[in-house]
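Novice: I'd like to go over a predicted model; first the sequence, then the structure.
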Amino acid sequence: MASLSSNTSSYVNYHDGNTKLIGSKQDYVICGENNEYKYHVVLDGHGKGMVAETLSTINWDKIIEYHDSPNDMINNINSHLIYNEYTSEYANNKRDGSTCIIVIIFENIGLIKTYNIGDSMTGIKINDTIHFTKMHDKNNQSEVKRVQDEGIKLDNDTCMKIISTKNRDATMMECTYFNFKYIYSDDTVIPSNKFNSKVDRIAMTRSLGHNHAHHFATLQEFECETFTYIPNTDKVTIITATDGLWDILSPDGSRNIFTKVENSDSANLVEELLDFAESLWKSKWNYHIPKGYAGYGGKPIITDLGNFDDIGIAIYHSK
């Protein structure tokens with residue numbers, strides 16, 4: 001399914017979003033605005049795909065109205081996931097979920113609000129300072145401690161790591177998965193023995209979905225941050241994206257991407273960045289064998305990356 005977006009761009013204050021679906025086709029981007037603010041929502045589904053598809057169709061204008069109350073926002077979002085609207089039965093979203101990151105820009109007062117759950121990320125550059133929002137994954141130590149304190153079991157696997165975007169250098173690193181159980185209260189109307197012995201194994205500590213009716217396996221709480229700037233004086237660039245962008249960039253590449261946007265003459269910054277990210281996924285890379293594996297220290301192997309990931313991007317840019 002194509003992404004949902006409204007092109008609200010004027011080159012002075014560009015705001016737009018879209019997707020390039022080269023993987024499992026579960027990324028969505030929604031952009032909107034009213035007289036008070038502009039906003040965009042970026043979703044990255046994983047699992048069966050029904051959660052992300054459902055979220056892509058809800059009325060986000062209504063959801064964003066609750067921006068002063070993040071708990072009300074997430075409760076309104078989750079109200080669409082508790083029941084199957086087609087069967088009028090409790091929804092079973094086991095092993096199905098989505099990240100969600102919302103960015104609201106109040107241009108008249110110079111205020112940016114972010115609301116994040118999962119491992120999508122927003123980068124915000126105000127003049128020369130760049131800030132990246134927190135992700136709920138293995139690199140967030142407070143999140144890892146929280147789930148461990150709750151008795152969630154962790155296990156490790158391997159995943160790709162980009163060393164240098166510019167030089168196309170990549171390797172393999174250890175990554176962490178979290179095994180969430182479905183816990184039911186004693187007064188539940190749902191047979192607890194049907195699901196609570198099962199787990200959802202996901203690479204993040206929070207996510208939308210992963211629920212059976214009103215029983216959600218992960219913490220349903222946004223990570224909220226605010227940023228201020230001087231309207232019509234400070235230069236602001238916001239890049240919100242799924243891991244289809246961030247995973248293909250090295251740390252330096254993640255920062256250099258702002259320079260790419262700021263120096264671009266394109267009238268469609270989103271499409272330009274989507275094409276760039278796709279070209280990285282489909283490039284040949286220098287794969288450096290990690291320490292502990294046969295061939296470590298030798299010449300890198302020239303290879304492609306194998307499976308591609310969907311790319312969802314929203315950009316706000318003022319000059």
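Specialist: On my side now, so go ahead.

Novice: mind listing what residue 126 touches?
Specialist: Counting by CB atoms under 8 Å, 6 or more residues apart in numbering, residue 126 touches 227, 229, 234-236. C-beta coordinates here come from the backbone N, C-alpha and C atoms, glycine included.

Novice: What is the subsequent helix or strand relative to the worst-scoring helix or strand of the chain on mean pLDDT?
Specialist: One helix or strand of the chain scores below all others by mean pLDDT, DSSP states H and E: strand 83-84, with a mean of 83. Scanning forward in sequence from strand 83-84 by DSSP states H and E, the next helix or strand is strand 89-90.

Novice: Please state the offset of that following strand from the chain centre?
Specialist: Distance of strand 89-90 from the chain centroid (CA atoms, centre = their mean, to the nearest Å) equals 27 Å.

Novice: Equivalent analysis for stretch 300-319, please.
Specialist: That offset, for stretch 300-319, works out to 13 Å (CA atoms, centre = their mean).

Novice: ends of it, how far apart?
Specialist: Distance across stretch 300-319, first residue to last, is 42 Å (CA to CA, to the nearest Å).

Novice: Would you mind listing the buried residues in that stretch?
Specialist: 300, 305, 308-318 (16 or more other CB atoms under 10 Å).

Novice: Mind putting those into a markdown table with distance to residue 146 and secondary structure?
Specialist: What follows is the buried residues of stretch 300-319, written out as a markdown table (distance: CB to CB, whole Å; DSSP: H, G, I helix; E, B strand; the rest coil):
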| residue | distance to residue 146 | secondary structure |
| --- | --- | --- |
| 300 | 38 | coil |
| 305 | 32 | coil |
| 308 | 32 | coil |
| 309 | 27 | coil |
| 310 | 28 | coil |
| 311 | 30 | strand |
| 312 | 27 | strand |
| 313 | 29 | strand |
| 314 | 28 | strand |
| 315 | 32 | strand |
| 316 | 31 | strand |
| 317 | 35 | strand |
| 318 | 36 | strand |
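
Novice: which one of the residues you listed sits closest to residue 82?
Specialist: Nearest to residue 82 among the buried residues of stretch 300-319 is residue 312, at 24.9 Å by CB to CB.

Novice: ok, the buried residues of stretch 300-319 vs residue 204, which is closest?
Specialist: residue 309 (14.6 Å).

Novice: where does residue 44 land in three-state SS?
Specialist: Using DSSP: H, G, I helix; E, B strand; the rest coil, the structure places residue 44 in strand.

Novice: now it: how far from residue 21?
Specialist: Distance of residue 44 to residue 21, computed by CB to CB, to the nearest Å: 12 Å.

Novice: When the two are compared, which one has more neighbours?
Specialist: Each of residue 44 and residue 21 has its neighbours counted (other CB atoms under 10 Å); residue 44 has more, 29 against 17.

Novice: which ones are touching the residue most central in space within the chain?
Specialist: Among the residues of the chain, the one closest to the centroid is residue 120, at 2.0 Å (CA atoms, centre = their mean). For residue 120, the contacting residues are 42-44, 99-101, 135, 240-243, 312, by CB under 8 Å, 6+ apart.

Novice: Any of the residues you listed buried? List them.
Specialist: With burial judged by 16+ other CB under 10 Å, the buried subset of the contacts of residue 120 is 42-44, 99-101, 135, 240-243, 312.

Novice: so which of those residues comes closest to residue 221?
Specialist: Residue 221 lies nearest to residue 100 out of the buried ones among the contacts of residue 120, by CB to CB, at 11.7 Å.

Novice: Verify the assumption that that closest one is located in a helix.
Specialist: No - using three-state DSSP, the assignment for residue 100 is strand, not a helix.

Novice: any weak-confidence spans in the stretch 101-250 of the chain?
Specialist: Along the stretch 101-250 of the chain, the model assigns pLDDT under 70 to residues 183-198.

Novice: Helices of that one, start to end?
Specialist: Using DSSP state H, counting those that start in this stretch, the helices assigned to the stretch 101-250 of the chain run over residues 141-149, 243-246.

Novice: okay, the following helix or strand past the last one in CSV with CA atoms only?
Specialist: In other words, helix 243-246. Downstream of helix 243-246, the next assigned helix or strand under DSSP H and E is helix 251-262. The C-alpha coordinates for helix 251-262 follow below in CSV (Å, rounded to 0.1, in the frame of the first residue of the first chain):
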residue,chain,number,x,y,z
PRO,A,251,27.0,7.7,12.7
ASP,A,252,28.8,10.3,10.5
GLY,A,253,26.4,9.5,7.7
SER,A,254,23.4,10.2,10.0
ARG,A,255,24.8,13.7,10.6
ASN,A,256,26.0,14.3,7.1
ILE,A,257,22.5,13.7,5.8
PHE,A,258,21.4,17.1,7.1
THR,A,259,24.1,18.7,4.9
LYS,A,260,22.7,16.8,2.0
VAL,A,261,19.2,18.1,2.6
GLU,A,262,20.3,21.7,3.3
